[in-house]
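S.K.: any chance you can model this:
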Amino acid sequence: VASGIAVSLLQAELRQLLEKTDPSEPHPKTGEMAGVSILREYVLRANTSVYQAAQSQPQYAGMGTTLVVTLFCDNRVIVAHIGDSRLYRLRGDVLEQVTRDHSLLQEQMDSGMITTEEARVSEHKNLVTGNTFDQRISATDFIEEARLDTKEFQVLYRDDSGTHVMDTQTYDQYILSDEA
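M.R.: Got it, this is the predicted structure:
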C-alpha cells in the first residue's frame, strides 16, 4: 500500500511538472539544479502522503516503504533513495552499488562488524533504519548526483527476498527474468 501511494504520487506529479520544467536549469529559489529541488520536494510529498495514510487509517498504522528514484538530465543522474532499495551502475563488466543502504546490515558492514558474505545470511536482513518513510525524514539524507558515462547503465533494484546483496550472478538472474 505504502509503495503504491508513493509511486502513484511521484509518477503523476513528476510527469506533469517535468513537462513544463527543465530539470537541468538552476532552481529560481535555491540556485541548485532544478532536478535536485524537484526530487527533494516530491519525495517529501510522497513521504507526507504515506505518513498521513498511516496515521489516519488504523489498518495502515506503522506502514512504510523504501524508494529509489532517478532523474536523468544533462548527462547527470539525480538519485533520491530511502531505505534499502538501490541503484546500481554497470560500466563495462563492472557492477557497482551507487546508493548506500539505510539499514542495520549496512551499518554493521560499515563498522566492520560483519562482512558482505555474513550479510547474505544475517537474521537482520529486513531492518531498515533512519530514513524510512515516516515523520522524521530528512530532506538532505537522500539526494545524490553523479555524472554519467555514455557507456553505462543504471539499474534500479529492490530485493524482496531479503538478501539485499546483488552480485553479478544475481544481476544476470534479475535481468534475464520477467521482473526486469
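
S.K.: off-centre distance for the strand or helix carrying residue 105?
M.R.: Under the criterion of DSSP states H and E, residue 105 resides in helix 104-110. The gap between where helix 104-110 is centred and where its chain is centred comes out at 17 Å by CA atoms, centre = their mean, to the nearest Å.

S.K.: ok, residues contacting it?
M.R.: Helix 104-110 is contacted by residues 84, 100, 114-116, 119, 122, 124-125, 127-129, 164 when judged by CB atoms under 8 Å, 6 or more residues apart in numbering. (C-beta placed from N, C-alpha, C; glycine too.)

S.K.: surely residue 73 meets residue 36?
M.R.: No: Residue 73 is beyond contact range of residue 36, at 10.1 Å (criterion: CB atoms under 8 Å).

S.K.: in terms of neighbours, single out the busier of these two.
M.R.: Neighbour tally, residue 73 and residue 36, criterion other CB atoms under 10 Å: the higher count belongs to residue 36, 20 against 17.

S.K.: what about that one, which SS state?
M.R.: helix (DSSP: H, G, I helix; E, B strand; the rest coil).

S.K.: my guess is it meets residue 78, correct?
M.R.: Yes: with contact defined as CB under 8 Å, residue 36 reaches residue 78; the gap is 5.6 Å.

S.K.: count of residues packed around residue 40?
M.R.: The number of residues packed near residue 40 is 19, by other CB under 10 Å.

S.K.: show me the helices in this protein, by range?
M.R.: 2-20, 34-56, 104-110, 116-120, 168-176 (DSSP state H).

S.K.: buried stuff in the longest one?
M.R.: Okay, so that is helix 34-56. By 16 or more other CB atoms under 10 Å, the buried positions in helix 34-56 come out as 34-40, 42-43, 46-47, 49-51, 53-54.

S.K.: from residue 70, how far out is the residue lying closest to residue 69 once chain neighbours are set aside?
M.R.: Using CB to CB, 6 or more residues apart in numbering and skipping residues adjacent in sequence, the residue nearest residue 69 is residue 80, 4.6 Å away. The gap separating residue 80 from residue 70 is 8 Å, by CB to CB, to the nearest Å.
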